[in-house]
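**Student:** show me the folded form of this:
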Amino acid sequence: MPDYSKPFVVETDASGKGIGDVLMQQSHPIAYISRSLAPRHQAMSVYDKELMAFIFDVTKWSHYLIGRAFIVKTDQKALKHLLEQNLHTDFQVAGISKLMAFDFSIEYKKGIDNKVADALSRKPDAELLAISLLTLNDFLYEQIKGTCLHTRLVKEIRTAVKEVGGVTILALEKMPLVKSVIYETLRMDPPVPFQTVKARKNIIISNHYASFLINKDEVIFGYQTLAMKDCHVFKNTKEFNPNRFIGDGEKLLKYVYWSNGKEIDNPTMNNKQCPSKDLIVLLGRLLVVEFFMHYDTFEIEFGKLLLGSKVTF
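**Tutor:** Residues are numbered from 1 along each chain as shown. Purely as a prediction, here's the structure:
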């Protein structure tokens, strides 16, 4: 995960048919880009293709780079003096204007040493997995595989079902990834995001910065979606992380409130927690299991209905 107290490094490369770029910190990849060039872009000069890759990088990763000094490493020597050169084409003028908001320095790196970006720029998508085994760390390898999560779910589900001899509670308990996926889904998009309750007595509630007095009979309004995107508790709160609640990550379940209470708590006659919360989680796990028992992968289209969401497989 990125550490904003440390500098970012962008390694970039453009080949005849594509661009390949890696965002790094302390020699560890954080994100990558591999993109084919359209025929009209393939006809550009080497300099302009390298410049285009650079512009695309900083625009794509602006949420990491804006407001911070970072280093760009390229095997195009001329780019090292980018801000000192005369501009000869409209593309170069437009490109430089997009870069003015960023604080960067450019370093030359020999192509032979720029292995990751060079490999990503030259290989078609089908070969990226083989490249990643040799050039990228395990985390980035998982990100490159577009169907990685589906592949992992298929393996976990079918292995557990085969070992136990069927889809049983015992089999489900051998599927930590499935459970984590369900909890992360509920964290990202709770089925009932808004909650209200009247205070039965004077209470004090606190956040990371202050405390507030709620008087008896005052109405408390809760937005559970916001509560479960607390950046002091969860890393990269807006990103879906299927591994978030695996292993030690289970400790974070006390901050999951989709059921109008902590996930680690149980509904009682004296609280307003959803009485069927455990059933909902169980049904979600079973639904995922059934899908991946029948399909290796699938695509979903989301839409909105008046009273809920529309999902098309």
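
**Student:** how about the contacts made by Ser23?
**Tutor:** In this structure residue 23 is Leu, not Ser. Applying Cβ atoms under 8 Å, 6 or more residues apart in numbering, we find Leu23 in contact with 8-10, 29-32, 57, 61, 64. C-beta: built from backbone N, CA, C; applies to glycine.

**Student:** pLDDT weak spots in the stretch 101-250 of the chain?
**Tutor:** Within the stretch 101-250 of the chain, the segments meeting pLDDT under 70 span 110-147.

**Student:** could you pull out the strands for it?
**Tutor:** Using DSSP state E, counting those that start in this stretch, the strands of the stretch 101-250 of the chain run over residues 103-108, 194-198, 203-206, 211-214, 219-223.

**Student:** one step back: by neighbour count, which of the contacts of Leu23 wins?
**Tutor:** When neighbours are counted by other Cβ atoms under 10 Å, Val10 leads the contacts of Leu23 with 25 neighbours.

**Student:** which residues does the helix or strand hosting that residue contact?
**Tutor:** Element membership of Val10, judged by DSSP states H and E, is strand 8-14. Strand 8-14 is contacted from outside by 2, 19-25, 30, 37, 46, 49-50, 52-54, 57-58, 61, 64-65, 68, 70-76, 104, 109, 111, 114, 116-118, 120-121, using Cβ under 8 Å, 6+ apart.

**Student:** quick one: residues contacting the nearest residue to Lys201 once chain neighbours are set aside.
**Tutor:** Counting by Cβ to Cβ, 6 or more residues apart in numbering, Lys216 is the residue found nearest to Lys201 once chain neighbours are left out, at 5.2 Å. Residues near Lys216 by Cβ under 8 Å, 6+ apart: 199-202.

**Student:** so how far is Gly261 from Lys216?
**Tutor:** Here Lys216 is placed at a distance of 21 Å from Gly261 (Cβ to Cβ, to the nearest Å).

**Student:** got it, and Ile33?
**Tutor:** The value you get for Ile33 to Gly261, if Cβ to Cβ is used, is 42 Å.

**Student:** same deal with Met293?
**Tutor:** According to Cβ to Cβ, Met293 stands 32 Å off from Gly261.

**Student:** between the two, which is the more surrounded one?
**Tutor:** Using other Cβ under 10 Å, the more surrounded residue of Met293 and Gly261 is Gly261, with 18 against 12.

**Student:** identify the farthest-apart pair in the contacts of Lys216.
**Tutor:** The largest distance within the contacts of Lys216, taken as Cβ to Cβ, falls between Arg200 and Asn202 and amounts to 9.4 Å.

**Student:** who has more neighbours out of the two?
**Tutor:** Asn202 (11 against 8).

**Student:** show me where the chain has helices.
**Tutor:** Secondary structure of the chain by DSSP state H: the helices cover 39-42, 46-60, 62-65, 90-99, 115-122, 128-135, 138-144, 148-164, 169-172, 176-188, 224-227, 277-294.

**Student:** backbone phi and psi for the most centrally placed residue in the chain, please?
**Tutor:** The residue lying closest to the centre of the chain (Cα atoms, centre = their mean) is Glu239, at 4.0 Å. When read as degrees, to the nearest 10, the backbone of Glu239 gives phi -100, psi 140.

**Student:** per-residue pLDDT, Lys251?
**Tutor:** pLDDT recorded at Lys251 is 94.

**Student:** distance check, it against Ile264.
**Tutor:** 9 Å.

**Student:** what sits in contact with each of these two?
**Tutor:** Residues touching both Lys251 and Ile264 (Cβ under 8 Å, 6+ apart): there are none.

**Student:** hey, C-alpha coordinates of stretch 94-111 in CSV?
**Tutor:** Extracted in CSV, the C-alpha atoms of stretch 94-111 (Å, rounded to 0.1, in the frame of the first residue of the first chain):
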residue,chain,number,x,y,z
ALA,A,94,-0.8,20.6,-25.0
GLY,A,95,1.1,17.9,-23.2
ILE,A,96,3.4,20.3,-21.3
SER,A,97,0.4,22.3,-20.2
LYS,A,98,-1.1,19.2,-18.5
LEU,A,99,2.2,18.6,-16.6
MET,A,100,2.6,22.1,-15.2
ALA,A,101,0.4,21.2,-12.1
PHE,A,102,2.9,18.6,-11.0
ASP,A,103,6.2,18.7,-9.2
PHE,A,104,8.6,16.2,-10.8
SER,A,105,12.1,15.6,-11.9
ILE,A,106,13.1,13.3,-14.8
GLU,A,107,15.9,10.8,-14.6
TYR,A,108,17.3,8.7,-17.5
LYS,A,109,17.3,5.0,-17.0
LYS,A,110,18.8,2.6,-19.5
GLY,A,111,16.2,0.5,-21.3
